[in-house]
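Engineer: I'd like to go over a predicted model; first the sequence, then the structure.
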Amino acid sequence: MTLTKFFKNKKLFFLGVVIAIIAMFLDLLSKRLTFALLETKAPFDHIEVFSFFNLVRVWNHGVSFGMFNQLESAHIIFSTIVSAITIVMLVWLYRNRKTYLTWALGLIIGGALGNLADRIQNGAVADFLDFHLASYHWPAFNLADSFVFIGVAMLLIEDLFLAKK
């Protein structure tokens with residue numbers, strides 16, 4: 001590896017870490033502020049923002065869509081899995097040479113760390129965004145979930161449409 005590539009890799013790694021820290025910070029801040037707002041509105045279990053969108057207070061002990069919510073020691077199992085995946089993603093980020101990939105990995109890592117911090121601190125992940133159409137609700141989620149989704153979508157778009165085959 002040439003000296004130029006070495007420093008470019010370090011800059012991209014640093015950028016990815018900054019993106020991850022900002023994403024994690026925004027996620028944790030949004031959870032704290034929303035749950036505090038919901039506590040002041042007690043005894044209400046939600047705040048209607050729009051006819052199709054509520055702020056709610058949901059503790060997700062499982063994974064996406066509440067799967068494995070009843071699993072004993074879920075917070076330990078999922079914290080371990082997320083930690084391992086995050087380490088792999090950090091190695092990928094370190095070896096990366098593309099700015100686009102840096103943003104995608106930074107968002108995924110930041111989202112994963114936001115939910116991991118929740119799981120470690122609370123034993124569950126705080127979800128609060130509730131979209132619905134009449135009585136059909138999308139499972140509640142948070143900014144960390146959104147960051148992970150956006151990062152994965154970026155990876156898929158790059159791989160399926162932008163990458164030179």
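Structural biologist: Sure, I can see it.

Engineer: So for residue 2, what pLDDT did the model give?
Structural biologist: Residue 2 carries a pLDDT value of 66.

Engineer: Oops, could you answer that again for residue 143 instead?
Structural biologist: Residue 143 carries a pLDDT score of 97 in this model.

Engineer: Next: the one 3 residues further on.
Structural biologist: The per-residue pLDDT reported for residue 146 equals 97.

Engineer: so how far is residue 115 from it?
Structural biologist: 11 Å (CB to CB, to the nearest Å). To be clear about C-beta, it is placed using only N, CA and C from the backbone, and glycine gets the same treatment.

Engineer: what about those two, which has more around it?
Structural biologist: residue 115 (29 against 17; other CB atoms under 10 Å).

Engineer: Which secondary structure element is home to that one?
Structural biologist: Using DSSP states H and E, residue 115 sits within helix 99-122.

Engineer: Could you list the buried residues of the following helix or strand past that helix?
Structural biologist: Once the chain leaves helix 99-122, the next helix or strand it forms, by DSSP H and E, is strand 125-133. Along strand 125-133, these residues count as buried under the neighbour rule (16 or more other CB atoms under 10 Å): 125, 126, 127, 128, 129, 130.

Engineer: ok, now stretch 90-106?
Structural biologist: Neighbour-count burial for stretch 90-106 flags 90, 93, 96, 101, 102, 103, 104, 105, 106 (criterion: 16+ other CB under 10 Å).

Engineer: Farthest-apart pair in these, please.
Structural biologist: Between any two of the buried residues of stretch 90-106, the greatest separation by CB to CB is 14.9 Å, found for 90 and 103.

Engineer: returning to that earlier point: ok, the buried residues of stretch 90-106 vs residue 44, which is closest?
Structural biologist: Nearest to residue 44 out of the buried residues of stretch 90-106 is residue 106 (CB to CB; 35.8 Å).
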